[in-house]
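>>> when you get a sec, could you give me coordinates for this:
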Amino acid sequence: MKISKVSFKNIYGITERTITPGDVNIISGENKLGKTSILDAIQTTVSNKGLRPRIIRNGETEAEMIIETDTGLEINRLKRSEKSDSVKVTQQGQKVSSPESYLQTLFSTEQFNPIKDFLDKKPREKNKTLLSICKIDFPQERYVEEFGELPTDYDSGSHVLENLERIQSKNGKYYKDREDNNRIISHKRATAEEIKLTLPVGYNADDYRDIDISKLYEEYHKAQEHNKQIENIGTEVTLKKAEIESVEGRCEKKVKDITDFCEFQKVSKKKEIDDIDEQIKQLEIKKKGIQTEIEGLDDKRDSDIETNRIARDEWILKSKSQIEEKEAQLETMKEIDAEPLKVKADEVASMKEYLRDYDRVEQIKKDIEELKVKSDALTTKIEKARNLPGILLATANMPIQGVTVENGEILINGLPIENLNEGDSYKIAIEIAKAKAGELKVILVDGFEKFCTKEKNLFIEKAKESGLQFFITEVSDHEELTIMTI
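Presented below is the predicted three-dimensional model:
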């Protein structure tokens, strides 16, 4: 849709003007003649948003703006200072309901000076604008499908190519996570090598892992107890033999004591007899009794000695039996060399002390493998984010041909956007304006000479080829406002 006729009355410094435009319309003249006013009036008519707050010509109370299009659309807008503004929109003579809402679908404020605005942008901003017209269907679910998750660097308000650029960039989470992973891998490898240096040469953990050290020491202690038992039995035999000798000695001493005691008794009793002899008469009866008692003492002595000897013989016989039993036991027992058992147990105990470090090294190896898998997965995601733009651009409906992304950089025909010549820059700027234009394909360009200093004819040629309708102002030495249609 293009404008076929424009009529203005009482706008800014213009009393009345009617224009029958073509595809490219150059409005020129000296400053203050109303060149920009015409562009502002066109924008105000279709959007109700002008560049300046007051459009009504000084001294007037009402400004009228009428635009007709090649599709039969007519827009009639009145700006009033004493009454409410009004707008009437008809299509093929039929009134359009909700005219302001309808007009918003036809024209946007971005259609005013889009060429200059684009050319004045910095390269990064140009890239962003360029991306905004690249319509690539890549919903949130697709990110999850491609990356197995919704990447942290995803921004729902950004273009897919911008998102992919952030995802694969050195400042992106995947790249940083991979760097962190690789640092951890390097640290763990260094730690494992340090631990390996503390292990004995040729150390094989499996040689010691399943050995029960407690059982080795248990065998060692059992051997010690066995040898102690042999030692104790030998000591017990020796003590028994010594005890027998002691018992025999005590028995002989006791016999001697008994004999000595009896002899002493004899002497004592004979002395009594001597005393009694002096009293024979009085003590004859007593003498006979004592004599009888003396005679009985020998029998008692012999009886006590015999009883003592019998007890001795019985004890000695029992002890000799015990000795024979112990000696027979000793003949069946051999001392065990416990020292090798202790050496073996000490060796295993020493080797088991390295198991913790060995297992730590093995765990570090497993950790490194897991980290490598994670790092490889991150690399895959980074590479995917780098490769997807090329894949998407190859199948996308691109308003501008030759757009590619390499290593996150947007290129046009292999060149960064800042390296393009003036002609190519005009072409891209016009294509972007075309993509951003509403149904009313009108582009308003104010101050043509401010950005087009060399290739004016080239710009006009690109403009005519675009299918858009241009209203362009430029300062000239014309004393009157002139409109040239090309």
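
>>> contacts, neighbours, all on C-alpha from now
Will do.

>>> remind me, longest helix of the protein?
helix 213-277 (DSSP state H).

>>> distance between stretch 470-483 and the chain's centre?
In terms of Cα atoms, centre = their mean, to the nearest Å, the centre of stretch 470-483 is found 64 Å from the chain centre.

>>> give the buried residues for that stretch.
For stretch 470-483, the neighbour count (16 or more other Cα atoms under 10 Å) marks 470-475, 481-483 as buried.

>>> what does stretch 101-113 give?
Under the neighbour-count criterion of 16+ other Cα under 10 Å, stretch 101-113 has 103, 106-109, 111-113 buried.

>>> now swap in stretch 285-304 and tell me
Across stretch 285-304, burial judged by 16+ other Cα under 10 Å covers 287, 294, 301.

>>> out of the residues you listed, flag the one nearest to T20.
Lowest distance from T20 to the buried residues of stretch 285-304 (Cα to Cα) belongs to R301, with 171.2 Å.

>>> which ones among the buried residues of stretch 285-304 lie within helices?
Residues of the buried residues of stretch 285-304 located in helices (DSSP H): 287, 294, 301.

>>> now these in CSV, with pLDDT and distance to K228?
Output for these, formatted as CSV (pLDDT from 0 to 100; distance: Cα to Cα, whole Å):
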residue, pLDDT, distance to K228
K287, 74, 67
I294, 82, 57
R301, 85, 47
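
>>> any idea which of those is closest to S86?
The closest of these to S86 turns out to be R301 (Cα to Cα; 161.5 Å).

>>> that closest one contacts I258, doesn't it?
Yes. Using Cα atoms under 8 Å, R301 is in contact with I258, at 7.2 Å.

>>> ok, and the closest non-adjacent residue to T105?
Nearest non-adjacent residue to T105, counting by Cα to Cα, 6 or more residues apart in numbering: G438, 6.3 Å away.

>>> is it true that that neighbour touches T109?
No. Judged on Cα under 8 Å, G438 makes no contact with T109 at a distance of 9.9 Å.

>>> next, name the residue at the spatial heart of this structure.
Nearest to the mean C-alpha position of the chain, by Cα atoms, centre = their mean, lies D177 at 7.4 Å.

>>> mind listing what that one touches?
Taking Cα atoms under 8 Å, 6 or more residues apart in numbering as the criterion, D177 is in contact with 375, 378.

>>> going forward, count from 479.
That works, and once the first residue is 479, the last one we named lands at D655.

>>> and the pLDDT at it?
Looking at D655, its pLDDT stands at 92.

>>> cool, and S485?
Note for S485: predicted pLDDT of 95.

>>> ranges for the strands of the chain?
Secondary structure of the chain, counting by DSSP state E: strands at 481-489, 492-497, 502-507, 540-547, 551-558, 564-569, 572-573, 881-884, 887-890, 893-894, 920-923, 947-953, 960-963.

>>> and the ones you listed, which one averages the lowest pLDDT?
Mean pLDDT is lowest for strand 881-884 among the strands of the chain, at a mean of 69.

>>> residue most distant from the centroid, this structure?
No residue in the chain sits farther from the centre than K759, which is 131.1 Å out by Cα atoms, centre = their mean.

>>> so how far is K765 from that one?
Distance of K759 to K765, given as Cα to Cα, to the nearest Å: 10 Å.

>>> what's the domain layout of this structure?
The record's domain parsing of the chain by automatic domain parsing lists 481-606+878-963, 691-826.

>>> what's the weakest-modelled helix or strand in this structure?
Here the helix or strand of the chain ranked lowest by mean pLDDT, DSSP states H and E is strand 881-884, holding a mean of 69.

>>> most packed of the domains of the chain?
Sort the domains of the chain by mean neighbour count, taking mean count of other Cα atoms under 10 Å, and domain 481-606+878-963 sits at the top with a mean of 18.

>>> run through the stretch 629-778 of the chain and note the low-pLDDT ranges.
By pLDDT under 70, the low-scoring segments of the stretch 629-778 of the chain are 761.

>>> so who does the nearest residue to K905 once chain neighbours are set aside touch?
Excluding its sequence neighbours, the residue lying closest to K905 (Cα to Cα, 6+ apart) is K940, at 6.0 Å. Each residue near K940 by Cα under 8 Å, 6+ apart is listed here: 904-905, 908.

>>> and R838, what does it touch?
Each residue near R838 by Cα under 8 Å, 6+ apart is listed here: A670.

>>> I meant E958, not that one.
E958 sits next to 507-508, 511 when contact means Cα under 8 Å, 6+ apart.

>>> mind running it again at 10 Å?
By Cα atoms under 10 Å, 6 or more residues apart in numbering, the residues touching E958 are 506-509, 511-512.

>>> can you add distance to Q807 and give the residues you listed back as a markdown table?
A markdown table is the format used below for the contacts of E958 (distance: Cα to Cα, whole Å):
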| residue | distance to Q807 |
| --- | --- |
| S506 | 135 |
| G507 | 137 |
| E508 | 137 |
| N509 | 135 |
| L511 | 138 |
| G512 | 135 |
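
>>> any figure for the gap between the residue nearest to E861 when sequence neighbours are not counted and L639?
Leaving aside its sequence neighbours, E861 sits nearest to Q646 (Cα to Cα, 6+ apart; 7.2 Å). Going from Q646 to L639 by Cα to Cα gives 11 Å.

>>> rewinding a little: roughly how far does the residue nearest to K905 sit from T498?
Separation of K940 from T498 (Cα to Cα) stands at 22 Å.
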